[in-house]
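In: Build the 3D model from these lines:
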Amino acid sequence: MRHIRYRDWRSADELDLGTHDGTATREPSSDIGWSSPDIGWSSSDIGWSSLSRPSLVIVNPSQSREYVDPHRDGRTGSFEQATWTSPEVTPEFAVTEVVASWNATTPAGTWLEVEVAATMDDGTRTKWYVLGRWAEGDRDISPTSVPGQGDGNADVAQDTLTTRQNRTLSTYQVRVHLLRAAGSDASPLVSLVGVMASSVAADHTVPRSPSGGAEGTLLEVPAYSQMIHRGEYPQWDNGGQSWCSPTATMMVLGRWGNGPTGEDYAWVDPSYQDRFVDYAARHTYDHDYGGAGNWTFNTAYAARYGVIAYVTRLRSLTEAEQFIKAGIPLVVSVSFGKDQLEGAGYETAGHLLTIVGFDADGNVISNDPASHGIASNEQVRATYDREQFENAWIVPTGGIVYVIHPPDVETPHPPAGEPNWR
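Out: Coordinates of the predicted model:
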């Protein structure tokens with residue numbers, strides 16, 4: 001049985017359901033000094049389009065905190081901290097994995113820490129596990145996952161909290177710390193906090209899913225090859241040949257006409273093609289993991305451009321078809337061996353690509369940034385057998401997907417009972 005539930009808090013009323021400790025929910029029209037010139041905010045710094053949504057902000061910091069950045073030679077910073085904690089959520093099944101998401105803007109001198117705690121199957125309460133320390137860029141802190149958190153209940157691998165074998169959790173809470181440099185009046189703006197809780201069977205294969213009605217539908221999505229960037233900026237995940245996730249994320253942002261400006265990526269070598277992909281790789285890089293494939297960091301990066309973005313799981317391509325019918329392409333995580341996905345021309349232990357449509361027979365049309373390992377945008381489009389694709393996606397990753405869309409583009413209706421998107 002595949003159990004998946006996605007829950008988020010994004011409206012003012014929903015955010016106010018949580019517990020505020022030095023935070024408040026502000027509507028877009030609220031005066032919190034968003035145009036304050038003394039802290040040097042600019043549209044490229046904070047993503048002005050995000051200001052059209054209600055957001056958590058710091059109003060009265062409740063704590064002081066010294067943070068030693070392990071990825072900057074132990075550099076220490078002094079910060080003021082305020083906290084929002086969600087209500088306790090009961091998914092109504094035995095949960096084995098949790099992935100958090102957030103949409104936020106972080107002006108200069110500000111950042112976030114996102115944590116999850118749970119009640120285990122035996123009624124014990126866990127500690128708070130850190131699922132990310134994050135800012136939009138790397139000017140103030142090095143965005144990072146946190147290693148070494150494992151205990152008898154669970155462990156954290158980059159973006160995912162996983163319970164120990166034969167252990168499950170029954171409830172969870174998510175907590176967001178909003179931090180700013182001591183003495184500053186800036187604040188992060190957090191417009192969405194989300195959690196995907198799941199219990200996904202370890203199937204060896206899955207059968208071909210039934211048609212979802214998207215046969216013959218192809219969305220207009222720009223095609224970008226990660227291989228064009230081979231060898232560029234190796235300090236971020238060994239160069240472009242590893243940048244599948246930010247490349248796929250940029251394709252979906254391109255669908256919506258969003259993304260960084262030329263001014264933003266002016267620092268990228270002007271001889272490089274599709275320089276916005278280099279920019280995205282830098283701004284999705286997880287400094288502990290040493291890669292740009294952290295799922296949550298990629299959706300958080302996308303959200304800085306005003307879209308709603310989060311990580312969840314889908315149960316089948318039948319569900320994926322509903323998004324294509326709604327005009328929403330999807331970034332999905334796959335893994336497959338040699339000859340397990342005909343037409344790919346490679347094998348992978350983990351890869352992200354974009355579903356952009358379905359052919360008349362229900363097979364997947366993909367913008368695959370690694371297609372055939374060829375450094376050419378013209379070679380990115382690929383069609384994959386439906387059953388083979390489902391077994392490369394659902395079986396190894398449990399159907400991980402990035403949902404990215406503008407607020408005025410409606411998602412399809414989620415399944416009743418255990419909604420796995422919103």
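In: C-alpha only now, for contacts and for neighbours.
Out: Will do.
In: Could I get the phi/psi values of Leu17?
Out: Leu17 adopts backbone torsions of phi -70, psi -20, taken as degrees, to the nearest 10.
In: low-scoring stretches of the protein, by residue?
Out: 29-51 (pLDDT under 70).
In: Looks like Leu178 contacts Pro107 (just checking).
Out: No: assessed by Cα atoms under 8 Å, Leu178 is found out of contact with Pro107, at 11.5 Å.
In: Give me the common contacts of the two.
Out: Contact criterion Cα atoms under 8 Å, 6 or more residues apart in numbering; residues shared by Leu178 and Pro107: Ser187, Pro188.
In: can you tell me which residues contact Glu80?
Out: Taking Cα under 8 Å, 6+ apart as the criterion, Glu80 is in contact with Pro61, Ser62, Gln63, Ser64, Arg65, Leu179, Arg180, Ala181, Ala182, Gly183.
In: Show the residue spans covered by the strands in the stretch 251-400 of the chain.
Out: Ranges of strands in the stretch 251-400 of the chain, per DSSP state E, counting those that start in this stretch, are 308-313, 330-336, 348-358, 364-367, 381-384, 400-405.
In: starting at the chain centroid, how far to stretch 364-382?
Out: Relative to its parent chain, stretch 364-382 has a centroid offset of 22 Å by Cα atoms, centre = their mean, to the nearest Å.
In: Check stretch 276-284 too.
Out: 14 Å.
In: Could you list the residues in contact with that stretch?
Out: Under Cα under 8 Å, 6+ apart, the answer for stretch 276-284 is 136-138, 229, 232-233, 236, 240, 243, 246-247, 250, 259-262, 264-265, 268, 292-294, 297-298, 301.
In: Between the two ends of stretch 193-210, how far is it?
Out: 33 Å (Cα to Cα, to the nearest Å).
In: List the buried residues for that stretch?
Out: If you call a residue buried by 16 or more other Cα atoms under 10 Å, then stretch 193-210 has these buried ones: Val193, Gly194, Val195, Met196, Ala197, Ser198, Ser199, Val200, Arg208.
In: Now do stretch 181-188: distance from first to last residue.
Out: Using Cα to Cα, first and last residues of stretch 181-188 are 11 Å apart.
In: The residue nearest to Val68 when sequence neighbours are not counted: how many residues sit nearby?
Out: Sequence neighbours aside, Thr76 is the residue nearest to Val68 in space, at 4.3 Å (criterion: Cα to Cα, 6 or more residues apart in numbering). Counted with other Cα atoms under 10 Å, residues neighbouring Thr76 total 13.
In: who touches Thr76 in this structure?
Out: By Cα under 8 Å, 6+ apart, Thr76 lies in contact with Glu66, Tyr67, Val68, Asp69.
In: before we move on, what about Glu390?
Out: By Cα under 8 Å, 6+ apart, the neighbours of Glu390 are Val206, Arg208, Ser316, Leu317.
In: if we go to 10 Å?
Out: 205-209, 315-317, 334, 341, 363-364, 384, 396, 399 (Cα atoms under 10 Å, 6 or more residues apart in numbering).
In: just to revisit the earlier point, what subset of the contacts of Glu80 is buried?
Out: The buried subset of the contacts of Glu80 - by 16+ other Cα under 10 Å - is Pro61, Leu179, Arg180, Ala181, Ala182.
In: Mind putting those residues into JSON lines with secondary structure and distance to Pro143?
Out: Converted to JSON lines, these look like this (DSSP: H, G, I helix; E, B strand; the rest coil; distance: Cα to Cα, whole Å):
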{"residue": "Pro61", "secondary structure": "coil", "distance to Pro143": "22"}
{"residue": "Leu179", "secondary structure": "strand", "distance to Pro143": "13"}
{"residue": "Arg180", "secondary structure": "strand", "distance to Pro143": "15"}
{"residue": "Ala181", "secondary structure": "strand", "distance to Pro143": "16"}
{"residue": "Ala182", "secondary structure": "coil", "distance to Pro143": "19"}
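In: Break this structure down into its domains, please.
Out: 3-199, 217-405 (automatic domain parsing).
In: and the next element down the chain from the helix or strand where Ser198 lies?
Out: In this assignment (DSSP states H and E), Ser198 forms part of strand 189-199. The first helix or strand that comes after strand 189-199 along the chain, using DSSP H and E, is strand 217-218.
In: partners of that next one in the sheet?
Out: For strand 217-218, the paired strands and their directions (DSSP bridges) are strand 348-358 (antiparallel).
In: out of the domains of the chain, nearest to Gly417?
Out: domain 3-199 (8.9 Å; Cα to Cα).
In: Compute the first-to-last residue distance for that closest one.
Out: Its first and final residues considered, domain 3-199 spans 5 Å by Cα to Cα.
In: before we move on, what about stretch 371-386?
Out: One end of stretch 371-386 to the other measures 17 Å (Cα to Cα).
In: Can you list the buried residues in that stretch?
Out: Using 16+ other Cα under 10 Å as the test for burial, stretch 371-386 gives 371-377, 379-386.
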